[in-house]
Structure formats: structure tokens, C-alpha cells
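Peer 1: Model the following, please.
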Amino acid sequence: MNRRFLILLIACVLASVIPLSAQTTLGEMYLDKELPEAWISDTTFVQQLPVTGRWWASLDDTLLDSLISVAFVNSPDLRTVFYRVQSSHAALRMQQSEYYPSLNLSLGWNKSQSSGRVGSATNTSRESYFSGALSTTWEIDLFGATYNRVRSQKALYRASVEEYNAALVSLAAQVASAYARLRMLQQELLVARENIASQQSILDITEARYTTGLTSQLDVAQARSVYFSTMASVPSLEADIVVQVNVLALLVGTHPHELLPTLQDIRPIPDYRMIIPIGVPANLLRQRPDIRAAEQSLVSAAALLGAARADYLPQLSLSGSIGFASEKMDNFFDHRSLTYEIAPTITWTLFQGRHYTQASKQAKAELEASVEQYNLAVLTAIEEVDNAMVTYKGAVRQLQILQDLVAQGELTLTLSLDLYKRGLTTFQNVLDAQRSLLTYQNGLATSQGAALTAVIDLYRALGGGWDNSN
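Peer 2: Predicted coordinates for the structure are as follows:
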């Protein structure tokens, strides 16, 4: 607890005296554990600075590039976050206005009459005059309470900017993942159609052999069962494709019927095979907008703690007014009509029911919570990168095996069909080869989509998809 208290005290000092632009390493003070020096990787990855900008360009798919660009412009979710940034900026400007005095202008005309029947008064008294005055109040920030609150709001504004950057990262990954799933479903549909054509050909062979008496009707029935089973998968795949287009339309911020003509043509899954630059774990502290946002929230909490402690000290305020008052407008600006007041005041609240004490405890607790949130953001980032790397490496190895498996499945079907035509084997071997090949090809298409999704997840986990040049 002593170490934590010392860190909190240092944070308050930093929040008071160090410019906000220099506080980019403040969050590192609060890390519970040191970050690993490097990722456990292999030849699939390279220890170079990760890509923060348009990582999807490496997939070499112009349609995906266009979809993400349109999403950045039209997405309602992204625009909502953008307006929150504007709101936070306005809140910062309002907080900064506390630096300046307030100025009020009052103009008026007053007419009054006093009773002649009260006390010793015997005559009614009437009075009327014109008045005009400028008045001001100014609380001078002697001990930095206003300064720290402004710094806190500035950090919150910067956190909102990072949240917008994080929304860009998330949106790019969501669009790319939805696009990858769409292409995967289309490949599964293509596999189904190719197998239907192959199974139709085999069905024709069994019917011809049955007609000539070379085989039984059982072979024909079994061939038809496989054929219709594959046919039955087509409607659901077509429906899933339309649903996926709808998902993309929502992400892009448009109507599905506008995207369907562009996306309905079957295209191959974008190439997922690449060497990905991953940098080192320490890069995540600057690379991921969510960690940067958590750090700015921590800066804000530290500044608020400094402001809460400044509230214990005296406050100096200056109020005053200057104006004119005259019964006649002709004499309004005469020097004898001048009125003014100057009233500097020092106030020091000595007791307020432990309000300031509890406010300071609340600010300290908020800072502690921000510390834990920052550490959680860092740990989550490391976990996500590691998971994405492991998933991608596993998907690449699995794909190599599945490609060999599909090749063997195609060979098995060819050989079994050739033997069946010559009457050297039963039709059951052909059926088994048909079913296995369909399963292998579907598995390959699914694994290709999973590998591409793993690449997308890795870029998202590394914080790619936004411009960090500012």
C-alpha cells in the first residue's frame, strides 16, 4: 500500500506540473507486471513495427477496400462515436472558460414611490432614474483546482479521440470478417454445385448400368440419396449468403439491395498467406487505441485527484462593477453619475461535514479504478494478440493438411468410380468417396475462411486500422 500511495502522489504531481503531451508514459508507471520483451513466434511472423493504417490493402481485394472506405463514411456506429468526440471537445471548451472572468451588462430604468403615511413622513416621495453597469466576477486559480479540472477534461477529450480510433479498428475488422465469411459461404456453395454436377454424372452411370442389368436398383437409390442430400444444402447456403450481405450492409451503413448486385457474384477468398509484422509487446501501449484511451482516462483521474486536494485550500475571488445612474439621460455619462464597486474576497471553508475529505477519497478510488482498468486493457491486448497468432499458425498448418486430404479424396473418388465402371468394386466405395470428398472440400473452404479471419483478428489485436500519424 505504501508503494501504491507513493505512485498516486507522483501522479498528482505529474498531473499538475507536466504538460499533457509529455504524459504519454504515465500509464506505464501503473503496470502491475513488466511486458514480455518479444512474442513467441515463428517464420509466419516478423518482429517489425506493425501496420497501423490500411492493413487490409495487403489482402489485395479492391472490393473489400471499397467496403471499408464506405463504412468509414456511412457507419452509424462510427458517426455516433464521432459526435461523442465533438461533445467531449465542447465540454473541454466549457471547462476552459473557468479560467476567465464572467462579464455581465445591465441596463434599466427604475421608478419608485415611498408612502407619506409611514412614520414621520408627511409627503409622498417619488424617484425615477436610468442605470447601466458592467459587473464581473473572477475566481483566481491560486492552487490549481481549475487548472487540474481543465487537464482532466482535456484528457477525457483525448480519450474520446482514442475511442474513435478504436471504433475505426473495430469497424474495419468487422467488415473484413463479415466479408471473409461471405466469401467462405460462396466457396461452400461453389463446392456444393460442383459436387452436384459430379454426383449427377455418377447417377447417370448407375442408371445406365441398372438399365443394362449390370447392377441393382439399390445402387441407383443410393446415388440419388447422395445427390438429393447435396441438393438440399444449396437453399440454406444461398439464404446464409443473403443474410451475410445484410450483415455487411448494416456495417457499411446502406440498404442490402444496394450491396447485393455487387456481392452476389462468387469470388475466391482473399489470400490469407502472408508474413505479418507484429513488433514487440511494448508496441501495444502506443499501437492500440483502447490502451491509449485507458491511459488518458488514468491521466484524467490523476488530475481530478489533484483538483480535489486543491479544494482544501483558500479561494481568491474578485468581483466588481462599474456603471452610471442618473435621473436624466442628459447627465447619464457625467462623472458625477459614475458608480463602481470592487470587492476582492478570500474564502476558506474550514468545515463542511467532511465533504472535501470524502471527495478526495472518491477521486483516489476513481484513480485506483482507472489503474486497474489500464492494466486490464494491457493484459487483454496481450491475450488477444497471442490468441490470434496461435489461431493463425494452427489454421495455416491445418490448411496444408486439408489441401492434401482434398487431393487424396479426389483421387479416391476417381479410382473407386473407375473400378465400379469395370465391375471390380461395389458402389458403396463410390458413395463413401463422394461423401468424404464433399466433407473435405467444405472443411477446406471453412478453414480458408478461418485462416483469413485469424489474420484479421491479429491485425485488430495489434491495433491496426487507424492513422497514428497525428
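Peer 1: From here on, just use CA atoms for contacts and neighbour counts.
Peer 2: Will do.
Peer 1: Poorly predicted segments of the stretch 251-400 of the chain, please.
Peer 2: For the stretch 251-400 of the chain, the stretches flagged by pLDDT under 70 are 353.
Peer 1: That one: helices as residue ranges?
Peer 2: In the stretch 251-400 of the chain, the segments counted as helices under DSSP state H, counting those that start in this stretch are 256-263, 284-287, 289-310, 355-421.
Peer 1: Could you single out the most deeply buried of the ones you listed?
Peer 2: Ranked by average neighbour count under the criterion mean count of other CA atoms under 10 Å, those are headed by helix 289-310 at a mean of 27.
Peer 1: now it, how far from the centre of its chain.
Peer 2: Taking the mean of its C-alpha atoms, helix 289-310 sits 20 Å from the chain's own mean (CA atoms, centre = their mean, to the nearest Å).
Peer 1: do the same with stretch 177-189
Peer 2: Put simply, stretch 177-189 sits 24 Å off its chain's centre (CA atoms, centre = their mean).
Peer 1: contacting residues around that stretch?
Peer 2: 64, 234, 237-238, 240-241, 244-245, 247-248, 266-270, 441-442, 445-446, 448-449, 452-453, 456 (CA atoms under 8 Å, 6 or more residues apart in numbering).
Peer 1: same thing with stretch 269-287?
Peer 2: Identification of contacts with stretch 269-287 by CA under 8 Å, 6+ apart yields 35-39, 43-52, 59-61, 180, 183-184, 187, 291-292, 378, 381-382, 396, 448-449, 451-452, 455, 462-464.
Peer 1: try 6 Å
Peer 2: Ala38, Thr44, Phe45, Val46, Gln47, Gln48, Leu49, Pro50, Leu59, Arg183, Leu452, Gly463 (CA atoms under 6 Å, 6 or more residues apart in numbering).
Peer 1: And the fifth one, how far from Arg273?
Peer 2: The reference is to Gln47. 17 Å (CA to CA, to the nearest Å).
Peer 1: Make a ChimeraX selection of the buried ones in the contacts of stretch 269-287.
Peer 2: Buried residues among those (16 or more other CA atoms under 10 Å), as a ChimeraX selection:
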select :45,46,50,59,183,452,463
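Peer 1: how about the helices of the stretch 251-400 of the chain, which one is nearest Met94?
Peer 2: Closest approach to Met94 among these (CA to CA): helix 289-310, 16.1 Å.
Peer 1: how far off helix 355-421 does that closest one point, in degrees?
Peer 2: 170 degrees (axes from the mean of the first three to the mean of the last three CA atoms, to 10 degrees).
Peer 1: Greatest separation within the contacts of stretch 269-287: which pair is it?
Peer 2: Pairwise distances across these peak at 34.2 Å for Ala38 and Arg183 (criterion: CA to CA).
Peer 1: separation between the residue most central in space within the chain and Asp219?
Peer 2: Nearest residue to the geometric centre of the chain (CA atoms, centre = their mean): Ala167, 2.7 Å. The spacing between Ala167 and Asp219, counted by CA to CA, is 57 Å.
Peer 1: name the element Trp109 belongs to?
Peer 2: Per DSSP states H and E, Trp109 falls inside strand 102-114.
Peer 1: Please pick the buried ones from the contacts of stretch 177-189.
Peer 2: Judged by 16+ other CA under 10 Å, buried ones among those: 64, 234, 237-238, 240-241, 244-245, 247-248, 269-270, 441-442, 445-446, 448-449, 452-453, 456.
Peer 1: partners of Trp109 in the sheet?
Peer 2: Per DSSP bridges, the residues bridged to Trp109 are Phe130.
Peer 1: Ala294 reaches Tyr374, doesn't it?
Peer 2: Yes. Counting by CA atoms under 6 Å, Ala294 sits close enough to Tyr374 to count as a contact (5.2 Å).
Peer 1: quick one: the strands in the chain?
Peer 2: 45-46, 102-114, 125-140, 276-277, 315-326, 338-347 (DSSP state E).
Peer 1: closest to Met389 out of those?
Peer 2: Closest of those to Met389 is strand 45-46, at 8.6 Å (criterion: CA to CA).
Peer 1: Pull the strand holding Trp109 out as CSV, backbone CA atoms only.
Peer 2: Below are the C-alpha coordinates for strand 102-114, written out as CSV (Å, rounded to 0.1, in the frame of the first residue of the first chain):
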residue,chain,number,x,y,z
SER,A,102,-17.6,36.5,-16.3
LEU,A,103,-18.9,39.8,-17.5
ASN,A,104,-22.5,41.0,-17.2
LEU,A,105,-24.1,44.1,-18.7
SER,A,106,-27.3,45.5,-17.1
LEU,A,107,-29.4,48.4,-18.4
GLY,A,108,-32.6,49.6,-16.8
TRP,A,109,-35.0,52.3,-15.7
ASN,A,110,-36.3,52.5,-12.2
LYS,A,111,-39.3,54.4,-10.9
SER,A,112,-40.4,54.2,-7.2
GLN,A,113,-42.7,56.0,-4.7
SER,A,114,-42.5,55.9,-0.9
